[in-house]
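*Asks:* compute the structure for the input listed below.
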Amino acid sequence: MVNWVRYKNGEHHHFKVQKLMPFIILILLCLISVVMTNEGNCAQVTLAWDKNTEPTIAGYKIYYGTGSRSYTWFIDVGNVTSYTISGLADGSTYYFAATAYDKSKKESKYSAEVIFNSCTYNISPATAKFGASGGTGTIRVSTQTNCSWTANSGASWISITSGSKVTGNGNVTYSVTKNSKTSPRTASFTVARSIFTVNQDGENVANDNSNAENVKNYKVTVIKKKVNRGSGSVTSYDRKINCGEVCSSSFRENSSFNLYATPDKGSTFVGWAPASLGCEGTGPCRVSVDKAKRVKAIFAGDYELKAVTISKDGGKGRITSSPWSLDCRDDNSGTCEATYRYNRDVTLSAYPSWGSIFLGWKPATVCPGTDKCVVTMDRKRTIKAVFAKRTEN
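*Replies:* Predicted coordinates for the structure are as follows:
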């Protein structure tokens, strides 16, 4: 018998295992956190184990599947003590175990089982700004189909009105009460494992008592630019602009307010224009009303990525993607087309079949060499993998 220690999430668990039984530690290659919409950011794991001391050990096999102790796939990784498996489906739970085998191909029993869940979450927007009068807002949550999440306010002046418990993509709507104090206030609450922050202005007593007849008003207009049929909505905190339907309104001179852009399903909010407006990135746009203004919000639709396997002299192979969507087989069966968010980086991996080798990607200008191919989805793309039959020397 041999003793080992399993380390996971800061906990220590002691196990006793039979000889020839490798020890597995699951190491996540990225944090499971909400970053972008619709897709997960990390669908691969690295497995590591202690090397067996027996001199006859020839290698190890990793078994995995979507059911406990029910393994659909295995990989003979050879005589190494760590291995990275990519191409896993986002939003799924996987179970891993390993075996050791000796030079006579005698194989050990399964090791202790390791579990990995690949749910990822993205909220948009991540912050909101309200005037003293309060108002309502919407947060879009994007995740995989089977991933559940909750939204909890915790602030007495912010109420969740819908979307407190959802599975898959969904929206959270909330309301903010009037702030009758002159000082501003801030609160943060959890939405789908992410932090959403609300900032609210204090009530300006001096402005309430001013002579409205002496105040100028300027028109602010929102224009939505659509790239690849992208779509979405733009709202102001007071809902005077809700574009959608109302894309312009008048605001008092020397006032300021925030605009919020929310992409529709299948679209991404790219940013604001013009640059002279001073709104950077994809967060709220703070508009200072010193004259009539036109604000452009740019939305881009998802782009299609097509994978194609090419056989040279009978070579065969497979292409998978991370984030998981593509699993294109040697006869171009399986899933060879998928759509991805605008500007999303997609990593393609090529796996030659037994008796074949991978020659490289086409076009080589996008993916040179035979390593993994990273494609930026700023347009519709087709990537080809060329496999050839291995020739014996």
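*Asks:* which helix or strand contains residue 141?
*Replies:* strand 135-142 (DSSP states H and E).
*Asks:* just the CA coordinates for that strand, please, in PDB.
*Replies:* Extracted as PDB, the C-alpha positions of strand 135-142 are listed here (Å, rounded to 0.1, in the frame of the first residue of the first chain):
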ATOM      1  CA  GLY A 135     -35.400  53.800 -11.700                       C
ATOM      2  CA  THR A 136     -35.200  50.300 -13.100                       C
ATOM      3  CA  GLY A 137     -32.500  48.400 -15.000                       C
ATOM      4  CA  THR A 138     -31.800  45.000 -16.700                       C
ATOM      5  CA  ILE A 139     -28.700  42.800 -16.400                       C
ATOM      6  CA  ARG A 140     -28.200  40.200 -19.100                       C
ATOM      7  CA  VAL A 141     -26.600  36.900 -18.000                       C
ATOM      8  CA  SER A 142     -25.000  34.500 -20.500                       C
END
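*Asks:* and it, which residues are buried?
*Replies:* Of the residues in strand 135-142, 135, 137-142 count as buried by neighbour count, 16 or more other Cβ atoms under 10 Å. (Each C-beta comes from the backbone N, C-alpha and C, glycine too.)
*Asks:* how does this protein divide up, domain by domain?
*Replies:* By the assignment in automatic domain parsing, the chain contains the domains 2-117, 121-209, 211-301, 303-389.
*Asks:* got a list of contacts for the strand holding residue 141?
*Replies:* 34, 36-39, 121-125, 128, 130, 149, 151, 161, 163, 166, 169-176, 191-192, 196, 198, 235, 237-239, 260, 262-263 (Cβ atoms under 8 Å, 6 or more residues apart in numbering).
*Asks:* just give me the neighbour total for residue 271.
*Replies:* 18 (other Cβ atoms under 10 Å).
*Asks:* can you check residue 284 too?
*Replies:* So residue 284, with other Cβ under 10 Å, has 21 neighbours.
*Asks:* and the closest residue to it other than its chain neighbours, what's its pLDDT?
*Replies:* Ranked by Cβ to Cβ, 6 or more residues apart in numbering and with sequence neighbours excluded, the top spatial neighbour of residue 284 is residue 258, at 4.2 Å. For residue 258, the pLDDT comes out at 91.
*Asks:* over to residue 135?
*Replies:* 88.
*Asks:* for it, which residues make a bridge with it?
*Replies:* With DSSP bridges applied, residue 135 shows beta-bridge pairing to residue 176.
*Asks:* ok, now which ones touch the residue nearest to residue 284?
*Replies:* Here residue 258 is in contact with 128-129, 236-237, 284-287 (Cβ under 8 Å, 6+ apart).
*Asks:* show the buried residues in the residues you listed.
*Replies:* 128-129, 236-237, 284-285, 287.
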